[in-house]
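A.B. asks: Return a 3D structure for these sequence lines:
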Amino acid sequence: PGSVFLLLRLMRFEKYTKAFTSFDDVLRDNLDVLAMTGFSALLLWIFFSSLLYLTERDSVDTEMANYYKSVPHSMWITLLNLSGECPLAHYSAFGKIILGFIAVFATAIFGVPIGLLGAGFEELVTEEEDAEIDESSDAANVVSSTPLSAAGDGLQKACYQFVNGIGSISAMRFELSIYALIIATAIIGIVQTVPGYDEFFSWLEWVAVSVFTIEYLLRFVGCGADPDYSGLSFKRMRYILSFYSIIDLLAIVPFYIALATPTSWVDRHDEYFRMLRLLRLLKLDKYFPSISLVDDVVRLKRNVLTVSCFAALTLWIIFAGIMYVAEYRDMLMEIDPLPLYGCVDGCTMSVRFINYFNSFPLTGIHLTGDFPMVEYGSVGRVVLFFIVIAAVGVTSIPSGVIASGFAEIVQSKSKNIPSPKGSAAGDDWFDIKYRELEGQSPPSSSFGPSVDRLQFAVKYYLDGTIDDSTGTTVRTTFSRIGRSLFMLLIISNIVAVVLESIPEIDKNVGNDPGNMFDVFEKWSVLFFTIDYALRLFSARKSREALFSPWVYAFTFFGIVDILSVLPWYVELILSKSGYLTGGEAMVFRIFRIFRVLQLEDFVVAFSKLDNVFRASKDVLKATGLMAVIIWVGSSALFFIFEQNNPNFRSCDASVPLTSTNDEPGCYDFESTQECNDYYPDKCSQSAFTNMPNTMFYVAVFLGGDWGFVDFTWPGKLVCMFLCVAGIALYSIPVGTLFDSFGAVIGLGEEDEEEDEETSPIL
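C.D. replies: Here you go, the predicted structure:
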C-alpha cells in the first residue's frame, strides 16, 4: 500500500501541463459563488440525510435499515442521491416522496458547485486553444476540402464510379444494396447468437459474402482512379493495407476459410468469427463519415485534450490507488460470490480491491458519476465523497471536449449554407409558409358572414388575440376562465390515470361500470371532443393552422387532440361489439396519459421536436452511426468475453458451488453450457447470454449506469474504454438534440445578439 504514494510522482508533469495549478485560479475566480452554493449544498445534504434517517431507520428491509441506522450512515446514500444516483430502491412511501423531491429540485442545486469547478477548469484549459488561430484553420481545411475528380483508365474509372454509386441508376442501386446487406447481416449475426436461432436466415450470408466479394474486387480494380491515391505509387498495395480494405477482408475471409476447411480451427470457433460480421458496420463509415472524423477531432482539440486528459488520468490513477488502500482490507461489508476472483463464500469488498489493477476500472466507473457499488467502509466513503465533489467534474472534461469537437467539425460542413431571411434552426415547409402568411387576412367562409363571425369568436376564445404594441396575448375574462379550467381538467386526467393504476385505490372505488373513474372519463372525453371540434371549426381563421382544418388535424396539436379522445371511442366500440375484455381495456385507459401533451398548448416544448431533428440532422447522421458502431461493437466484445464469466453464473441448490467428492461444482466449468451438460438445466447465466441480451446491458452502460462491474480482464478493458471515450462519443447525438432544442426555442438568442453587437465590422 505504501508504494501507492509513488503515484504522486505523476504530479511532476504538472510543470509542463499547468493543469492542477489552474484549480487555484478557478477557486479564486468563483470563491463567492462556490461559498454560497457550497453552503447551500451542505445544508441540503444534512437536511435530506436527516429526513431519510427518520423515514427509513425502521424499514422492514434490513439492508435499507442498515444504511439509514444513523444520520452519518444516511449521509453516504443521500450524497449519492444528491449526485443523481439512486442505488437503493425499497423506500417507504414518505421516503419515495423525499427521493422524488431530491430528483426534481435538490439534485440541480447540489450540482451547482460541482458544475462550477468543472466548467471553470474547462474554461481555463480551453483559453489557449481558442487563442490559436491555426487550430480553427486546420478544422476548416479538414471539413471544407472538396473531393478530387476520379482519374485513371476507362476500366478503373468505371469500377470506381460504379462501386461508389456515381454516374448511373444501377450504380446507385448497387450502393444502396450494400447498405441494406450491411445492416441485414449485422442484425442476423446478432439474432443467431440466441439459442435455437443458429441458422436464422443463414442463406443470406452466402448472398452477402458474394456481393461483398464483388464489391471488394471492384474497389481493388478501381482504386487506381480513387482520388485518395492520386499521385501515389503502389496504389493497389496501399489499398490492400488501408483501413477499409482490412475491414472488408475480415468480414469475408473467415467465411471462405471455414468453407474450405470444415474441421479447421476457424470452423470450430465459428461463433466468434460470426462476430466479425459486425465489423461490416464500419463499412458504412465510407458513406457517412463518423469514426474517420475522430482523428480530426483530436487534432482540432489537441491542446485542451492534452491538459484535460492529463488532469483526468492523474486523478483516476491517484484515486484508484487511494481506493485500493482504503478497501483492500475491508472485511465488513459482504457482497455476492465472485468465483472468478477466487471467492465463493463470505466475500467482501476486499476481494474486488485485492490489488491496484482491480481498483483501476472500478474507480473509473465511479469517476463517470455512477455508483453501482455502495458497500464501502468509512474510509472508502470519505474518498468517494471527494470523487463526487471534485473529481467527477474534472474527469468528464475530456469526454465533453471530444463531444463538442466532433459536433463542431460536423456542423462546420453546413455552416456556410445560406438560410432564408428570418428563418430559424430546423425550419421546414410549415414555418416557411407561416411566415409567408404574415399580414394576410383569413379566407372567408363559403357559408356566409355569420359563420365567419362565429369562427372568429371561437378563435378568439381559444387562442386570444395578439397585442401589436406589446406582442403579448390578450384574452377576455371568459377565455381566461375557460383556459384555466381546461388546464385543470388535463392535470386531473393525468392524476386520475396515476391513481387508477394503484390497486388499493382502484379496489376502493370499484371496478364496476359507472364507477367514479368511468364517469369522470366520460365527461372528460366530452369536453376534449368539443375542444377538438371547435379548433377544427376555427382553423380557417387561424394562421397557426395555415388557415386550413386539414393542416391543423396533422399538426402536433391536432394529433395530440385526437389521441386524447380516440382511444376512448375505440374502447367503446370494441366493448359494445364484444371484442374487448376488462383486462384488455386497461391498455386503452393507459393511453389517456397522452393528455399530458395537451399541456403543450400552455408551454411550448414537444411541438418543436421535428424542428430539433431537422436542425440536428447533419450531426445526427454521422454521430448516430458512430453511436451504433460503439454500441454494437462493445456489445460483441462483452458477449465474447463475459458469456461464461462465473461471476454471473448461478446453479440449482442441488449443485455444489465447488468440487466435492469428485463431483465438479457450479463454478468449476469453463462455460455455462458445459455445466448444463453435466447438470442438465440446472445452470444459468444472469447476463451476456446472447447478443440481444448483451446489447441491452451495454445500452445501459453507455447511458452511464453500470449494472455489472465484476468483469473478466478483457471485459474490464472494454469497460475502461467506455469510461474514457465510449460514453462521450455515444452521447453526442443526445447532446446535439439538447443543443438544437435550445436553438429552436430561442435559448441563447441574447448571447448571439451580444456577439453580433460586439463583433468588429469587417
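A.B. asks: I'd like the average pLDDT over the helix or strand encompassing Ile183.
C.D. replies: In this structure, Ile183 sits in helix 169-191 according to DSSP states H and E. Averaged across helix 169-191, pLDDT comes to 83.
A.B. asks: List the buried residues in that helix.
C.D. replies: Buried positions in helix 169-191, judged by neighbour count with 16 or more other C-beta atoms under 10 Å: 171, 174-175, 178, 181-182, 184-190. Using the backbone N, CA and C atoms, a C-beta is placed for each residue, glycine as well.
A.B. asks: Tell me the helix or strand right after that helix.
C.D. replies: Using DSSP H and E, the helix or strand that follows helix 169-191 in sequence is helix 203-222.
A.B. asks: Sort out which residues of that following helix are buried, please.
C.D. replies: 205, 208-209, 211-212, 215-216, 218-222.
A.B. asks: Kindly reformat those residues as JSON lines containing distance to Leu241 and pLDDT.
C.D. replies: What follows is those, written out as JSON lines (distance: C-beta to C-beta, whole Å; pLDDT from 0 to 100):
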{"residue": "Glu205", "distance to Leu241": "26", "pLDDT": "79"}
{"residue": "Ala208", "distance to Leu241": "24", "pLDDT": "84"}
{"residue": "Val209", "distance to Leu241": "22", "pLDDT": "84"}
{"residue": "Val211", "distance to Leu241": "23", "pLDDT": "87"}
{"residue": "Phe212", "distance to Leu241": "19", "pLDDT": "85"}
{"residue": "Glu215", "distance to Leu241": "18", "pLDDT": "86"}
{"residue": "Tyr216", "distance to Leu241": "14", "pLDDT": "86"}
{"residue": "Leu218", "distance to Leu241": "18", "pLDDT": "87"}
{"residue": "Arg219", "distance to Leu241": "13", "pLDDT": "85"}
{"residue": "Phe220", "distance to Leu241": "12", "pLDDT": "85"}
{"residue": "Val221", "distance to Leu241": "17", "pLDDT": "84"}
{"residue": "Gly222", "distance to Leu241": "17", "pLDDT": "82"}
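A.B. asks: so which of the residues you listed comes closest to Ile530?
C.D. replies: Of all the buried residues of helix 203-222, Ile530 sits closest to Ala208, with 56.5 Å by C-beta to C-beta.
A.B. asks: Surely the closest one is in contact with Ile187?
C.D. replies: No. Applying C-beta atoms under 8 Å as the test, Ala208 and Ile187 come out as separate, 11.5 Å apart.
A.B. asks: Against which helices or strands is the helix holding Ile183 packed?
C.D. replies: Applying 3 or more C-beta pairs under 8 Å, 6 or more residues apart in numbering; DSSP states H and E, one finds that helix 169-191 contacts helix 154-163, helix 203-222, helix 691-702.
A.B. asks: gap between the first one and the chain center?
C.D. replies: Centroid separation between helix 154-163 and its chain, computed with C-alpha atoms, centre = their mean, to the nearest Å, is 40 Å.
A.B. asks: For it, name the packing helices and strands.
C.D. replies: Where contact means 3+ C-beta pairs under 8 Å, 6+ apart, helix 154-163 is packed against helix 169-191, helix 203-222.
A.B. asks: now do the last one
C.D. replies: Packed against helix 691-702 by the contact rule (3+ C-beta pairs under 8 Å, 6+ apart) you find helix 169-191, helix 609-642, helix 727-745.
A.B. asks: List the contacts of the closest residue to Met349 other than its chain neighbours.
C.D. replies: In this structure, Met349 finds its nearest non-sequential neighbour in Asp330, 4.5 Å apart by C-beta to C-beta, 6 or more residues apart in numbering. By C-beta atoms under 8 Å, 6 or more residues apart in numbering, the contact list for Asp330 reads 348-350, 353, 376-377, 380.
A.B. asks: at 6 Å instead, please
C.D. replies: Shown in contact with Asp330 (C-beta atoms under 6 Å, 6 or more residues apart in numbering): 348-350, 377.
A.B. asks: Kindly indicate which of these lies nearest Gln455.
C.D. replies: Checking the contacts of Asp330 against Gln455 with C-beta to C-beta, the nearest one is Met349 at 71.2 Å.
A.B. asks: And for the closest one, the neighbour number?
C.D. replies: Close neighbours of Met349, defined as other C-beta atoms under 10 Å, add up to 24.
A.B. asks: Contacts only, for it.
C.D. replies: For Met349, the contacting residues are 327, 330, 333, 375, by C-beta under 6 Å, 6+ apart.
A.B. asks: Swap in 8 Å and give it another go.
C.D. replies: So Met349 contacts 327, 330, 333, 335, 373, 375-377, 380 (C-beta under 8 Å, 6+ apart).
A.B. asks: Which ones among those map onto strands?
C.D. replies: Among the contacts of Met349, no member is found in strands (DSSP state E).
A.B. asks: which one of those residues has the most neighbours?
C.D. replies: In terms of neighbours by other C-beta under 10 Å, these top out with Glu327 at 26 neighbours.
A.B. asks: From what I see, that residue and Arg352 are in contact.
C.D. replies: Yes. If you go by C-beta under 8 Å, Glu327 and Arg352 touch, sitting 7.3 Å apart.
A.B. asks: any idea how far Gly574 lies from Glu521?
C.D. replies: That one is not Gly; residue 574 is Leu. Leu574 sits 16 Å away from Glu521, going by C-beta to C-beta, to the nearest Å.
A.B. asks: These two: which has the busier surroundings?
C.D. replies: Ranked by neighbour count (other C-beta under 10 Å), Leu574 and Glu521 place Glu521 first, with 19 against 15.
A.B. asks: Okay, and the more buried one sits in which element?
C.D. replies: helix 516-538.
A.B. asks: got the contact list for the next helix or strand after that helix?
C.D. replies: With elements assigned by DSSP H and E, the helix or strand that comes after helix 516-538 is helix 549-553. Residues outside helix 549-553 that contact it (C-beta under 8 Å, 6+ apart): 430, 535-537, 539-540, 542, 544-545, 558-559, 562.
A.B. asks: can you do 7 Å?
C.D. replies: With contacts defined as C-beta atoms under 7 Å, 6 or more residues apart in numbering, helix 549-553 is touched by 535-536, 539-540, 542, 545, 558.
A.B. asks: among the residues you listed, which ones are buried?
C.D. replies: Buried positions within the contacts of helix 549-553, assessed by neighbour count (16+ other C-beta under 10 Å), are 535-536, 539-540, 542, 545, 558.
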